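A.B. asks: Just to be clear, the model below is a prediction. Sequence and coordinates:
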Amino acid sequence: MSAPAHALLEDFSTYRATDVNCHIGGWPYRLGASASEHDLQRHIDLHGLSSAWVSHLATLFGFDTRTGNEDCLLKCRHTPAMRPMAVINPAEEGWHNELDWATTMGFQGIRVAPGFHRYGPDLLLDVARATASRGLLLQLLVRLDDARVRHPQSPARDVDMETVVALVRSVPDARVLLSGLNWVEWQELRRRLGYEPPSALLVDVWHMNGPFGIAELLGSDAERWVFGSGFPVQAPEPTMLQLAACLLPREIKVSIARGNAQRFSADPHRPVPGRLGLGKEG
């Protein structure tokens, strides 16, 4: 890495960013794309992060979501900077009980991944409304990798824009975070929402295109954007460099890196994760 790139990363570390898109566990299609709790701690320390929102990759590829959710909770419980996110699959029998358990255990929020679990918009809207009724934030993983380099055996599919639009319209006042949109998709979403997305809707930046695109997008709607890296499925440095290099005022870059996510976060008065035990029925 060049000296200017190192300098930009050093500058980024002073933002004390919140990484809203982190994962623990192994990505099945690249040997190096895995993270233990120690790898996540190094990611946090190396880049000066104030916190990382974490779910378990096993929830996307295993037989159920509970196994990965429990392990994520265990791995995060002794590190305050690691904020566990529960993955809910509404195609699973008893998912309402799983959502109740996640609420009781004090997860940071709920992640849904219809492109991995392969369910339609009706089930997504069901879990979105149920999550909103419990006051939890909802993060939709539109994608975790680029379809152009996706392994042919991967079950993942990018979530189509019709589904994204339906989600946003179904819970207009809820805290919803869209993860993995690209520039063209964001413009399409804005157009289909009448160019007035809900104020509680946030979007992470890991799949946006380059520092100039980020500056143009983010500068006009600075409170909309949050930093998410996709670690360890994605290398975090390109997104960090894009944000650090873009020609926005420093206070806006810090807000995107940390402030917007902090305002978006779950109620601090909710239970501390992992303090209530791990029984199947919570």
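C.D. replies: Alright, I've got the coordinates. All values derive from a computational prediction rather than experimental measurement.

A.B. asks: gap between residue 246 and residue 205?
C.D. replies: 10 Å (Cβ to Cβ, to the nearest Å). To be clear about C-beta, it is placed using only N, CA and C from the backbone, and glycine gets the same treatment.

A.B. asks: Between the two, point out the one with more neighbours.
C.D. replies: residue 205 (25 against 21; other Cβ atoms under 10 Å).

A.B. asks: Tell me how many other residues crowd the closest residue to residue 26 other than its chain neighbours.
C.D. replies: Distance criterion Cβ to Cβ, 6 or more residues apart in numbering; nearest residue to residue 26, sequence neighbours excluded, is residue 34 at 3.8 Å. When neighbours are counted by other Cβ under 10 Å, residue 34 registers 16.

A.B. asks: do residue 190 as well
C.D. replies: Residue 190 has 13 neighbours, counted by other Cβ under 10 Å.

A.B. asks: Now do the phi/psi pair for it.
C.D. replies: Main-chain torsions, residue 190, degrees, to the nearest 10: phi -60, psi -40.

A.B. asks: While we're on residue 33, how confident is the model there?
C.D. replies: Per-residue pLDDT puts residue 33 at 89.

A.B. asks: Confirm for me that it is in contact with residue 230.
C.D. replies: No - Residue 33 is beyond contact range of residue 230, at 9.8 Å (criterion: Cβ atoms under 8 Å).

A.B. asks: residue ranges of the helices in the stretch 1-150 of the chain, please?
C.D. replies: In the stretch 1-150 of the chain, the segments counted as helices under DSSP state H, counting those that start in this stretch are 3-13, 37-46, 58-61, 66-76, 95-105, 114-117, 121-133.

A.B. asks: and the fifth one, which residues are buried?
C.D. replies: Meaning helix 95-105. Buried residues in helix 95-105, counted by 16 or more other Cβ atoms under 10 Å: 95, 98, 99, 101, 102, 103, 105.

A.B. asks: can you check the fourth one too?
C.D. replies: Applying a neighbour-count criterion of 16+ other Cβ under 10 Å, one finds 66, 68, 69, 70, 71, 72, 73, 75, 76 buried in helix 66-76.
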